[in-house]
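Student: whatever this is, show me its structure:
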Amino acid sequence: MQNNSLYRYHPLFAAFLRQNGGALGRETLRRAMADCFARGEYEQAADYALLAEDAAFIHQCISAALGRPFGQGHCGNLQGYFQCMEAQKLALSPRVLLGRGMYLSSRGQFFEADRLISSALPELERPGPNRLALRYGP
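Tutor: Below you'll find the model as predicted:
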């Protein structure tokens, strides 16, 4: 089910985790994160990771989602994802820095977006695992 109605269940899931707490709740959440990620539902996996306050997994989800054309997914909670990573002082990969810059640009924060994109692009243009292939056109 790939529509926005799916997101209304998050408060229920969060309540379940609080009620069942401990190992059962965390394990259920980890399984949901892994299952969504394995199916390519990176935004949903990131939402579950946000409930678990797992900044490293959010980082993985954003990086994987950037393999698709930007804006194709349902990353309505990018601000929450970036706030979680910032709160945990997680170092962002060049790929995720680029994503954050793109997000900030779409929000009109051009100065900060330019700073992030300018720092990410040299790393992404080098041969290696961080190399990014940019596609233009339809």
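Student: if I look at the spatially closest residue to residue 82 that is not a sequence neighbour, how far off is residue 34?
Tutor: With sequence-adjacent residues excluded and distances taken as CB to CB, 6 or more residues apart in numbering, residue 82 is closest to residue 100, at 5.8 Å. Quick note: C-beta positions are derived from backbone N, CA and C, even for glycine. For residue 100, the distance to residue 34 (CB to CB, to the nearest Å) stands at 24 Å.
Student: average pLDDT for the host helix or strand of residue 101?
Tutor: Element membership for residue 101 (DSSP states H and E) is helix 94-106. Average pLDDT, helix 94-106: 90.
Student: give the other helices and strands that that helix contacts.
Tutor: Of the remaining helices and strands, those touching helix 94-106 by 3 or more CB pairs under 8 Å, 6 or more residues apart in numbering; DSSP states H and E are helix 55-65, helix 78-87, helix 110-125.
Student: which of the residues in that helix are classified as buried?
Tutor: 94-104 (16 or more other CB atoms under 10 Å).
Student: and if you look at stretch 43-58?
Tutor: For stretch 43-58, by 16+ other CB under 10 Å, it's 43-52, 54-55, 57-58.
Student: first-to-last residue distance for that stretch?
Tutor: One end of stretch 43-58 to the other measures 9 Å (CA to CA, to the nearest Å).
Student: next SSE downstream of the helix or strand of the chain with the lowest mean pLDDT?
Tutor: Ranking every helix and strand in the chain by mean pLDDT, DSSP states H and E puts helix 10-20 at the bottom, with a mean of 66. The element immediately downstream of helix 10-20 (helix or strand, assigned by DSSP H and E) is helix 22-38.
Student: measure the residue nearest the centre of the chain to residue 23 for me?
Tutor: Computing the C-alpha centroid of the chain and ranking residues by CA atoms, centre = their mean puts residue 62 first, at 3.2 Å. Separation of residue 62 from residue 23 (CB to CB): 27 Å.
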